[in-house]
Every structure is written in structure tokens, then in C-alpha cells.
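In: Following is a predicted model, sequence given first.
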Amino acid sequence: MKTSFLNVAIQSPFMVFLGRYLCLWLSVTPTRGLEMWPFLLFPPPNLNLIFSPTLKKPPSRFWILGRTRNKSSSVKKLESLLFSQFTFNVIVKQVLGLTPEEPQTARILEDFLTFMRGLISFPLYIPGTPYANAVKARIRISASVKQIIKERRRNNNIIYNNNDDDICGNMNINSQKKGSDFLEILLGVDTLSEDEKVSFVLDALLGGYETTSILMAMVVHFVAKSPSALEQLKVEHECIRGKKKKGESLNWEDYKMMGFTQNVINEALRYGNIVKFVHRKALKDIKFKDYLIPAGWKVLPILSTVHLDPSIHSRPLEFHPWRWETQRQDQTGKKFTPFGGGSRCCPGSELARVEVAFFLHHLVQNFRWSVEDDDQPIAYPYVEFQRGLVLNLDHFAL
């Protein structure tokens, strides 16, 4: 089955920018063998594969302090770039198998930040503009991924050639490789071209990085302004830590005990509205109430109008995580859609929640922080902080 893409007479600037094989443009499943690609990249929660080494041991207090400004002062300064670094380290490990210490990781992150700045810029290609810089950054990212693919194939050939006479050994190697990272899965799909594989990698990085880092920043910002929420988080995570041995990593059972943490994450998603709308296209005529949406028309559901609707959520303009103690999850399908819905629901939603929960686990036990009063989140059009969310770390346990 060949890939079916949206038909356009002239490629839009964003299609040129993002690549014509990005899943954003797909109208049907891309190819046989990748129908379940989101679940290969982000395994279901009952599988421990989701707990990669990078995620099991989030940044320690010493790692965080090493990224603060004014290290000689009793008040440390921490910028929101920390969240970007952490979430990128997790997703690049899941997708490409790269560790934070490898030089390629830092280069790809730098290009990716340039790429993201151009994603919301005016699509005019003039040298020096954010859009032009982003197009060049995407070319560099693609070149980096292609180089990784080339090296991976060469290394795999060396391994297989050295084990030609060991059939069982080859089967074991192949089994280990399939579960190592998303790129290894893509390399095993012969029906995809190299450009399509590169686009799938970019798609996974894009979906698993930007919104997660914003969510993490929003949670830290809102909790800093809610002492009661911070105190309840501290109690919950101290209880979890008290049941574990010194230095023992978190696991799925620990995650299931983070009930109030999930309430905080839900409220940050609702109140923060990180993704305010989604792009959809009617593939056939659709009748919605008294309206007819013709085939081919674009539809932009505005998620924030539901999340901030006082008829659905009481006191919607307040950060109140306790509302989720009484609001049953099975009744919020149409009232709470931060990750979209249906077949196009975000495949990395659970991974995002796990990342934020594990980060909070370490943060609330070791730090107290405050934010500047005038550093408020704004929509531009995605959520940003006016001053970059500078945190004052005025107390921490050593």
C-alpha cells in the first residue's frame, strides 16, 4: 500500500519546511508494517520499556545546580532551558539511541531549537530570517540523522558478518536491536525510503520534545504560585521515596501511586492550554448539528474554549488541581482534550506525563523555588514565558 498524502498543486512553505513525508500531512496510515508505530515508539504503560535509563534517573540536584547561574550566591538562577534539555535528552534516546554525553546530541538540540523558532515564523525565505535559518537547520538535522543511519547500518553489517555461523546469536542480536530505539524499527521497514525514515524521526522528535518541555515549565510555574499544591506534592513523593531503598530507581508501580501529581499535570494541561488548537481536514462531507462541513475543508478545533468554559469547569481561570479528585476521568473525553482525540490522539501523551511526574519527584524533594511576578506565560502563538521562566532556587537539601 503506497503512502497517501494531501494533494496540493504547489507545496506550501511549511510543507517545504517540514518535509512532505511528515505525519502531519498524512491522510491515511503511511505504510504496511508501521500501523502501530506510535506504540513502538511510546510503549503502553504496562511495559517497562517506557522507563529508559534517562527517564528512570532524571536530573539530580547536582545536575540541576550545575546549570544554574550565580553559583556562588545562596540564590540560584535556573532558566527554562533546563526543561528543554531534559525532555530532548529523553526523546532523542527513545528515537535515536543517543545519550546526553554524545556530541551529536548537543548539535542536534542546537539545530532543533533553531528549527522550532522558525516553525512559528513568517514563511519568507530571506537569509538571516528565522524561517530561512530553520530551513537550514532542518537540512542539518536530516544530514545528522542520515549519518546516524549510515553508521548504524555499517555497524549492523559488521555484527552480522561476524556471526554468520551463529544462527541463534543472530536471532538474539536482531531481537535486542528491535527493542533498542525507534530508528532500529524504521531500519527494518523496507517499504520506506530514506527520506521518509528521516521525516518519521523528525516527526517523533517534534512531537516528543516541544510540548513536553512547555508542560514541564508550566507545572513548575503554577506549583510555585500554589504553596498548598507544593506541600501536597512533597508529602506524596516523600511517601513514595520512603518505601524504596537508597538510590533505587522509580518504576511503574511508583508512578501509579502519584495520584495528586496526575491532578497537577491535568490542571496544568487544562489551565495552561499548551496546544490551543489542532489541524484537521474533512475527507468527506460531514454533518455536525445544523452545519455541513464539505469534503476538503480545513477544521481547527479550539481546545482552549472547552478547557476555559465556566459551564464545564468551575472557576476555570484558577489553578485548582483538586478539581480532578471529583471529576471522573471517564467523563472528560469531550471536556478535557489536551492531547487531541480519536485516531490522531497524541501517541506520546503517557510518556509526557511520566517525564513530568518523575521530574517533579526529584524537584519537590530537593528544592524550593519561586518565580518572578512579571514572568507570565503568554501565547505567541505557542506558550512562552516573557523572561524565559527564571527560577530562584532559594532552598535545597544537600
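Out: All right, it came through fine.
In: Tell me which residues of the helix ranked longest in the chain come out buried.
Out: Under DSSP state H, the helix in the chain containing the largest number of residues is helix 130-162. By 16 or more other CB atoms under 10 Å, the buried positions in helix 130-162 come out as 130-135, 137-138, 140-142, 144-145, 148-149, 152. Glycine gets a C-beta too; all of them are placed from N, C-alpha and C.
In: Would you agree Asn392 is in contact with Phe367?
Out: No. Between Asn392 and Phe367 there is no contact under CB atoms under 8 Å: 10.3 Å.
In: re earlier: who does the longest helix of the chain touch, helix- and strand-wise?
Out: Judged by 3 or more CB pairs under 8 Å, 6 or more residues apart in numbering; DSSP states H and E, helix 130-162 is in contact with helix 13-18, helix 103-119, helix 167-178, helix 182-187, helix 194-224.
In: Export those helices as a markdown table, with columns for mean neighbour count and mean pLDDT.
Out: As requested, the helices and strands packed on helix 130-162 are exported to a markdown table (neighbours: other CB atoms under 10 Å; pLDDT from 0 to 100):
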| stretch | mean neighbour count | mean pLDDT |
| --- | --- | --- |
| helix 13-18 | 17 | 57 |
| helix 103-119 | 18 | 87 |
| helix 167-178 | 12 | 40 |
| helix 182-187 | 20 | 84 |
| helix 194-224 | 23 | 86 |
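In: Adding distance to Ile312, write these out as a markdown table.
Out: Shown next, in a markdown table, are those (distance: least, CB to CB, whole Å):
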| stretch | distance to Ile312 |
| --- | --- |
| helix 13-18 | 32 |
| helix 103-119 | 30 |
| helix 167-178 | 43 |
| helix 182-187 | 36 |
| helix 194-224 | 20 |
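In: Which one, of those helices, ends up nearest to His313?
Out: helix 194-224 (15.3 Å; CB to CB).
In: That closest one to helix 130-162, inter-axis angle?
Out: 120 degrees (axes from the mean of the first three to the mean of the last three CA atoms, to 10 degrees).
In: Beyond helix 194-224, next helix or strand please.
Out: helix 227-242 (DSSP states H and E).
In: Buried residues in that following helix, which are they?
Out: Buried, per 16+ other CB under 10 Å, within helix 227-242: 229-230, 232-233, 236-237, 240.
In: So, low pLDDT: which residues of the protein?
Out: Across the chain, the ranges flagged by pLDDT under 70 are 1-81, 158-180, 328-333, 342-344, 380-381, 394-398.
In: Give me the spatial nearest neighbour of Thr129, chain neighbours excluded.
Out: Ser121 (6.9 Å; CB to CB, 6 or more residues apart in numbering).
In: again with Thr114
Out: Ala137 (4.0 Å).
In: That neighbour and Gly118 touch, don't they?
Out: Yes. Using CB under 8 Å, Ala137 is in contact with Gly118, at 7.2 Å.
In: which residues touch stretch 304-311?
Out: 270-271, 273, 276-277, 312-313, 316-317, 334-338 (CB atoms under 8 Å, 6 or more residues apart in numbering).
In: List the buried residues in the helix or strand where Arg368 lies.
Out: Arg368 belongs to strand 367-371 when elements are defined using DSSP H and E. Neighbour-count burial for strand 367-371 flags 367-369, 371 (criterion: 16+ other CB under 10 Å).
In: which helices and strands does that strand pack with?
Out: helix 194-224, strand 391-396.
In: closest to Gly247 out of those?
Out: So among the helices and strands packed on strand 367-371, strand 391-396 is nearest, using CB to CB, at 18.6 Å.
In: Contact partners for the residue nearest to Thr114?
Out: 111-112, 114-115, 118.
In: how about a markdown table for those, with distance to Leu202 added?
Out: Shown next, in a markdown table, are these (distance: CB to CB, whole Å):
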| residue | distance to Leu202 |
| --- | --- |
| Asp111 | 11 |
| Phe112 | 9 |
| Thr114 | 14 |
| Phe115 | 9 |
| Gly118 | 13 |
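In: Relative to Asn266, which of the residues you listed is nearest.
Out: Nearest to Asn266 among those, with distances taken as CB to CB, is Phe112, at 27.7 Å.
In: Does the closest one touch Val201 like I think?
Out: No. Taking contacts as CB under 8 Å, Phe112 lies outside contact range of Val201: 11.5 Å.
In: hmm, back to that, mind putting the helices and strands packed on strand 367-371 into a markdown table with distance to Thr87?
Out: Output for those, formatted as a markdown table (distance: least, CB to CB, whole Å):
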| stretch | distance to Thr87 |
| --- | --- |
| helix 194-224 | 4 |
| strand 391-396 | 16 |
